[in-house]
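Participant: Predicted structure and sequence below. I'll ask about it afterward.
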Amino acid sequence: MAKSGNQKGKLLYLAEIFHRETDEAHGLTLAELTERLAAYGVQAERKTLYADMEELRRCGLDIDSWKEGREYRYRLASREFELPELKLLVDAVQASRFITESKSRSLIKKLESLVSVHDARQLQRQVLIAGRVKTMNESIYYNIDKLHTAIGEGKQIRFQYFQWTVEKKEALRRDGGWYCVSPWHLRWDDENYYLIAYDAEADRVKHYRVDKMKRILLEAPRLGQEKMARSDLAVYTQQLFGMYGGQPVRVTLEGENEMVGVLIDRFGKEVPVLPVDGTHFQAFVDVAVSPQFLGWVAGLGGGLRIVSPEPVVQKMQALVQRLAEQYCAPDGDKTSV
């Protein structure tokens, strides 16, 4: 049989066919493989297909076969990613707030290419999970890439930072003025990406929402190596609620015993806990006392309360008073909310 012009790409075409059309539950016969190759302009014979598949096995493809009726079917039995692993990745992409809808679809499409067309349908069904509020800043992917470059090259960065207005428009902070910091780490916290950086002017570690950064430029060599070496970033981020900053304070919390799990989920098993009586305990946490922290405690519905220090107790009392005034009429009757 005369060789066709695409014969040099035969092994590549055959590998693509196995990746795209076969999996643990689906295989192709020799006749079907010959037909698929013909679509690429490649002629194949039974004896050469045996040799081709053996060559692909030597290259690392896990090709095996099983008998179905009077014929054998051949398949790619295993891949670098298993289907359950890809389902987890698809779920993570779809659920991530910092990934836009369009980028989610693009990434999931690429993940689908890692399995057969048959298994890809299962990944497509995985997309149909509850809708999430997604970021609207498409440039976050380029921001992350620039920040990784700056961190890798040890460069300072200059950027602008924005916030949303009630008109749902971007408004640059500092009247459009530039921020200049030394980037050291990226952290994914509370479904958002944050840059942890050293601010030389303030001589302190700060953090910034990556999706709110604009026009990132790389500058001179970064600063703050000694400051960052002395900082325990795991502790720094654990002390922040909703990544809102503030000076860490040792806060004593008291609650019913069943609330211990809530504290461990938030602060880890290392949180100091002491029994008060048979039904209550006290715990000691170092946190930046922000409205988010106070709201977290209030949201536990009285199962946990702040005992000390007194300034933090007073802040919680002021928050409760403010909420009472906001939602209750002067005579004590509740207004509609």
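Facilitator: It's in.
Participant: use CA for all of it now, contacts and neighbours both
Facilitator: Fine.
Participant: For V90, what is the enclosing helix or strand?
Facilitator: Per DSSP states H and E, V90 falls inside helix 83-95.
Participant: If we go by neighbour counts, what in that helix is buried?
Facilitator: Going by neighbour count (16 or more other C-alpha atoms under 10 Å), the buried part of helix 83-95 is L83, L86, K87, L89, V90, D91, V93, Q94, A95.
Participant: what would those residues look like in a markdown table with pLDDT and distance to A39?
Facilitator: Below are the buried residues of helix 83-95 laid out as a markdown table (pLDDT from 0 to 100; distance: C-alpha to C-alpha, whole Å):
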| residue | pLDDT | distance to A39 |
| --- | --- | --- |
| L83 | 89 | 28 |
| L86 | 91 | 30 |
| K87 | 88 | 31 |
| L89 | 89 | 33 |
| V90 | 87 | 32 |
| D91 | 81 | 35 |
| V93 | 83 | 35 |
| Q94 | 78 | 35 |
| A95 | 73 | 39 |
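Participant: hmm, back to that, between the helix or strand that the helix holding V90 is followed by and helix 83-95, how many degrees?
Facilitator: Downstream of helix 83-95, the next assigned helix or strand under DSSP H and E is helix 101-112. Going by axes from the mean of the first three to the mean of the last three C-alpha atoms, to 10 degrees, helix 101-112 is angled at 170 degrees with respect to helix 83-95.
Participant: Which helix or strand lies directly C-terminal to helix 101-112?
Facilitator: Reading on from helix 101-112 to the C-terminus, the next helix or strand found by DSSP H and E is helix 117-126.
Participant: Endpoint to endpoint, stretch 193-204 covers what distance?
Facilitator: With C-alpha to C-alpha, to the nearest Å as the measure, stretch 193-204 spans 20 Å from end to end.
Participant: Need the contact partners of that stretch.
Facilitator: Residues from elsewhere that reach stretch 193-204, judged by C-alpha atoms under 8 Å, 6 or more residues apart in numbering: 98, 180-188, 205-211, 223-224, 227-228.
Participant: can we see that at 6 Å?
Facilitator: Residues outside stretch 193-204 that contact it (C-alpha atoms under 6 Å, 6 or more residues apart in numbering): 181-187, 205-210, 224.
Participant: Now for L11, how many residues are close by?
Facilitator: 16 (other C-alpha atoms under 10 Å).
Participant: which residue packs closest to it, ignoring adjacent ones?
Facilitator: Spatial nearest neighbour of L11, excluding adjacent residues (C-alpha to C-alpha, 6 or more residues apart in numbering): D52 at 6.6 Å.
Participant: Check the gap between that neighbour and K10 for me.
Facilitator: Distance from D52 to K10, by C-alpha to C-alpha: 8 Å.
Participant: re the thing from before, of the contacts of stretch 193-204, which belong to strands?
Facilitator: Among the contacts of stretch 193-204, the ones falling in strands (DSSP state E) are V181, S182, P183, W184, H185, L186, R187, V205, K206, H207, Y208, R209.
Participant: Just the closest of those residues to E24, please.
Facilitator: Among those, R187 lies closest to E24 (C-alpha to C-alpha), at 37.8 Å.
Participant: residues contacting that closest one?
Facilitator: Per C-alpha under 6 Å, 6+ apart, neighbours of R187: Y193, Y194.
Participant: Okay, and the beta partners of it?
Facilitator: Y194 (DSSP bridges).
Participant: So for the chain, the centremost residue is which one?
Facilitator: S96 (5.7 Å; C-alpha atoms, centre = their mean).
Participant: Quick one, grab the pLDDT at that residue.
Facilitator: What the model reports as pLDDT for S96 is 76.
Participant: Likewise for L11?
Facilitator: 94.
Participant: That one: which element?
Facilitator: Element membership for L11 (DSSP H and E) is helix 10-21.
Participant: Just the buried positions in that helix, please.
Facilitator: Buried, per 16+ other C-alpha under 10 Å, within helix 10-21: K10, L11, Y13, L14, A15, I17, F18, H19, R20, E21.
Participant: What count of nearby residues applies to Y179?
Facilitator: Count around Y179 with other C-alpha under 10 Å applied: 15.
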